[in-house]
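Give me coordinates for this.
(chains A and B, ligands or ions: 2)
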Amino acid sequence: MNIVNAQNIKKSYFQGKMQVHALRGMSVLVDQSEFMALAGPSGSGKTTMLNIIGGIDSPDSGTIVVDNNDYADMKQSQLADLRLKKIGFVFQAYNLIPVLSAQENVEYIMLLQGVAASERKEKAIAILDDVGLEGKYNRRPSELSGGQQQRVAVARAIVSNPAIVLADEPTANLDSKTGESLLDMMKKMNQEKNVTFIFSTHDNMVMDYAKRIVKLKDGQIEEDIVKEK
Amino acid sequence: MYFELAWRNIWRNSRRTLVIITAVVIGVWSMVFLGAFSRGMLNNMLENGKSVLIGDIQIHHKNYREDPSIDKSMEQAEIIRHLLKNNLSKNTLWTERIKVSAYVSNARHSTGVTLVGIDPVKEKEISFLGKSIVNGNYLEPNDKRGVLVGKALLEKFDTKIGKKLILMTRSKSGKVVSKAFRIRGVFKAQMESTEKSYLFITMHGARNLLNIEEGISEISIKIFDDQNVDIVAKMLKNNIDEKLYSVETWKDLLPMLEAYVRIFDGFMYIWYVVVFIAMGFGIVNTSLMAVFERVREFGLLRALGMKPWRVIASVLTESTFTLTVGIVAGNCLGIISVFLLKENGLDLALFGKGAEFFGMSRIIYPVLTLTDVISVNSVIFFLGIIVSLYPAIRAAQITPVEAMRE
Ligand SMILES: Nc1ncnc2c1ncn2[C@@H]1O[C@H](COP(=O)(O)OP(=O)(O)OP(=O)(O)O)[C@@H](O)[C@H]1O
Ligand SMILES: [Mg+2]
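Ligands and ions are numbered 1, 2, ... in the order given. Next comes the predicted model:
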C-alpha cells in the first residue's frame, strides 16, 4: 500500500524578484516500511519535498496523498492533526524543547495527542530504551550529545506509531561514526517496528544505508534506485 | 505538564522575566500604595469637611442658607424630630443646632463669628468638637453662660479660660441683643479658619441670648454607611414638607469638596493609565523578544502538529505566571508599605499650608480598601493578559518553514 503518493508536484519560491523553481513536477510513490533516502546536491529540492509530504509547506500544483489523506481537501487544522498523529519529524538540529528532559520531550508529543499520563510515561521510557538511551531519561537536551539528541528526536517521531517518519538530514550535524550508529538505530526501528522512513542526505555513506535512493537534481528525479525489497 | 513547561520557560531567561516582574511589581505597588494614599487623603478631606459641622445630611428652613439668621429657623421642630425618630435607622446620629452670625468682643478685640448653639451630648458624637477640647472643659448641657473658643481666636483675643467674652447678635424682632459668656474650654480644629470663625454655646445659652423658646436653625444627621447618603436624603425629602424645609447632603452643602473628590478620582485614573501604559510596553517588548528568540521552537511545535491556539495558550500561560508573580509581590510590597505608614501616617508638613487650603490634615493615613485592591489587581491582570495577546499571536503566526530556514 502507498503511504505517500505525490504526483507532479511543482513548487517555486521568490527570492526577491527572482523565481526559484524548487520542484519542477516531481512524482513519487512510497510504500509502507520503506527506508528511503532523498539524495541530491544542495538546493536540489530535498527539504522542499519533505516539507510538502509533511504538510508544512504546500505545493503550487500537483497532488499529494499521505496515508489516504488528500492534502488538497484538508484544512490547516486537519493537516496539523495529521502531522500530530501520523507523521514523525526529525530535523537536522534543534529538534528538542530545551527546558524539557529527554523523557518529557517524548511525552510532550503524546500529551498533545491526548495519551493518558501513565501510558505516556511507560511508552516514553520504552522507546528511549529502544533508541539506546537507557538511564538518560531525565537529561535535558543540553546534557546530551548531538547524537543522543537526534536519538531522542527519533524516539519522539516513532513513539506513536506514525505512518511515516520524515527526517531532513538527520545526520548532517553528527560526525560519521555517530551518524552511522544513528542510522543503524533507525534501520533497526524500520525493521523491528515497520516504521516507514524518508530521510534526506547528500552524504554517500548515509545513502548506503537506504534500501531505496531517490536522487534529485534541480527539482526533478534524476534516478530512483531500489536496492532491495 | 503544560504548566510546568510554562513555568520553566519563563525562567529560561531569568533576567528578562525579572524585568517584566519588576515592571508589574512597581505598577501594582504604586497603584496599591498611592491608591491607599489618595484614598486616605480623600477620606481625610471628606471627614474634615463634614466633621466641622456638616455631617452627612442637613435639614434647614427653606431659606436659611440664603439668609442664615434666626428668622429662618424651623419653628415646628417637634414634627421633624418625630419624623427622624420614625424614619432613621437606630444607629443614625443627629443633632439640633441654632446657628447665627454674631459679633464677639472683649476689652481689646472684636470680630465676626458664627455662633452655634449645640446640644452638647449629641454634638459630641457627630462633629469634631467633642474630640477637640485641648484646654478647659467641654460644655455641660445646662450651662447657660459658657462658651467654647477656638485656640486661634483665644490667642488672637489674648485671653484665657475663665475670662469673659461679649456675644452680640440680632434677635428675631431685629433688635440687637448681647450677653457676656465665660470661656469654659478651648478647641482645636484641623484648620485655623475653623478655630477663628466658630464659637459654641449650649442650646439653652443660645435661646437665652436670642430670647426664644422654640426653633432651631439646623439638624445635622450622620449616618453610618456612607453609601446610603443619597437614599436616606431622598427618603427624608419624600416625607418632609419641601415647601417649608430643605434636605441637603454634604454633596450639596460642600460642592467644592465634591468637585475635589471627582478631580481626585480623575487623577487616580490618569495615574493608573500612565502606569499601565509604561508597564504594558515593558510587557509587550520583553515578551516579543522572548518569542523571537524561540522562533525555531515554535516552528518545531507547529511542525509536530501543535495548533496555533495552543501556541497562543502556552504563551499566555507564561504571561499569566509572570503577571501573577509580579502581582503577588507587588501587593505584598504595597500592603507592607501601607501598614508601615499606618502607624504614623505621612507628614505633609512640607506643603502644610497648601494642604490645609485643600481641607486636608497635616498627617495623612493611607486607607486600603478591599475594593481598591481588587480593582487594581484585576485591571492589571486583565490588561496584562490582553497586551500579552499580541506576542502570543505573533508566536502562533510563525510557520515551520520560515522557522526552519532561520
Ligand atoms: N522558503 C523559501 N524561500 C525562498 N527560497 C526557497 C525557500 N525554500 C527553499 N528555497 C529555494 O528552493 C531551492 C530548493 O531548496 P531546498 O531547501 O528544498 O533544497 P535542499 O535540497 O534541501 O538543499 P540543502 O541540501 O542545502 O538543504 C533552493 O534554491 C532554495 O534556495
Ligand atoms: Mg535541505
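
For the stretch 301-406 of chain B, give me the ranges with low pLDDT.
The stretch 301-406 of chain B contains residues with pLDDT under 70 at B:348-362.

What's the biggest helix in chain A, counting residues?
Determined from DSSP state H, the single longest helix within chain A is helix A:176-193.

ok, and what's touching it?
Residues outside helix A:176-193 that contact it (CB atoms under 8 Å, 6 or more residues apart in numbering or on different chains): A:33, A:35, A:130-132, A:145-147, A:150-151, A:154, A:158, A:161, A:167, A:170-171, A:174, A:195-197, A:199, A:203, A:205-206, A:209. (Each C-beta comes from the backbone N, C-alpha and C, glycine too.)

Name every strand pairing with the helix or strand just after that helix and say which way it goes.
Sequence-wise, the next helix or strand downstream of helix A:176-193 (DSSP states H and E) is strand A:197-201. Strand pairing for strand A:197-201, determined by DSSP bridges: strand A:35-39 (parallel), strand A:164-168 (parallel).

any bit of the last one sitting next to ligand 1?
Pointing back at strand A:164-168 there. No: shown here: strand A:164-168 not in contact with ligand 1 (CB under 6 Å from any ligand atom), separated by at least 7.2 Å.

what is the mean pLDDT for that strand?
If you average the pLDDT over strand A:164-168, you get 94.

So which residues of the chain form strands?
No chain in the question, so chain A it is. Here chain A has its strands, by DSSP state E, at A:2-15, A:18-31, A:35-39, A:61-66, A:69-70, A:87-90, A:164-168, A:197-201, A:212-217, A:220-226.

Can you look at chain B instead?
B:57-61, B:93-105, B:110-118, B:133-136, B:146-150, B:164-170, B:176-187, B:198-202, B:218-222, B:245-249, B:346-347, B:363-364.

Quick check: can you name the pairing partners of the fifth one and their directions?
Here the strand partners of strand B:146-150, with direction, are listed using DSSP bridges: strand B:176-187 (parallel), strand B:198-202 (antiparallel).

and the shortest one, which residues are buried?
Think strand B:198-202. B:198-202 (16 or more other CB atoms under 10 Å in any protein chain shown).

before we move on, the earlier item: for A:Val106, find the nearest of the strands of chain B.
A:Val106 sits nearest to strand B:346-347 of all the strands of chain B, at 58.3 Å, using CB to CB.

so what secondary structure elements neighbour the closest one?
Applying 3 or more CB pairs under 8 Å, 6 or more residues apart in numbering or on different chains; DSSP states H and E, we find strand B:346-347 packed against strand B:363-364.

Now do the strand it packs on: everything it contacts.
Strand B:363-364 is contacted by residues B:37, B:40-41, B:44, B:344-348 when judged by CB under 8 Å, 6+ apart.

circling back to that earlier point, narrow the contacts of helix A:176-193 to just the buried residues.
When the contacts of helix A:176-193 are checked for burial by 16+ other CB under 10 Å, the buried set is A:35, A:130-132, A:146-147, A:150-151, A:154, A:158, A:167, A:170-171, A:174, A:195-197, A:199, A:203, A:206, A:209.

Helices - which of these land there?
Short answer: the buried ones among the contacts of helix A:176-193 in helices (DSSP H) are A:130, A:146-147, A:150-151, A:154, A:158, A:206, A:209.

Tell me which two in these are the farthest apart.
Pairwise distances across those (CB to CB) peak at 20.9 Å, for the pair A:Asp130 and A:Val206.

Point out where chain A drops to low pLDDT.
Scanning chain A with the threshold set as pLDDT under 70 gives A:228-229.

Quick check, the residue in it closest to chain B?
A:Leu84 (2.7 Å; CB to the nearest CB).

Which stretch among the strands paired with strand B:146-150 is buried most, on average?
strand B:198-202 (a mean of 25; mean count of other CB atoms under 10 Å in any protein chain shown).

Which positions within the longest helix of chain A qualify as buried?
For helix A:176-193, by 16+ other CB under 10 Å, it's A:178-180, A:182-183, A:185-186, A:189-190.

Then stretch A:89-107?
Buried residues in stretch A:89-107, counted by 16+ other CB under 10 Å: A:89-97, A:99-107.
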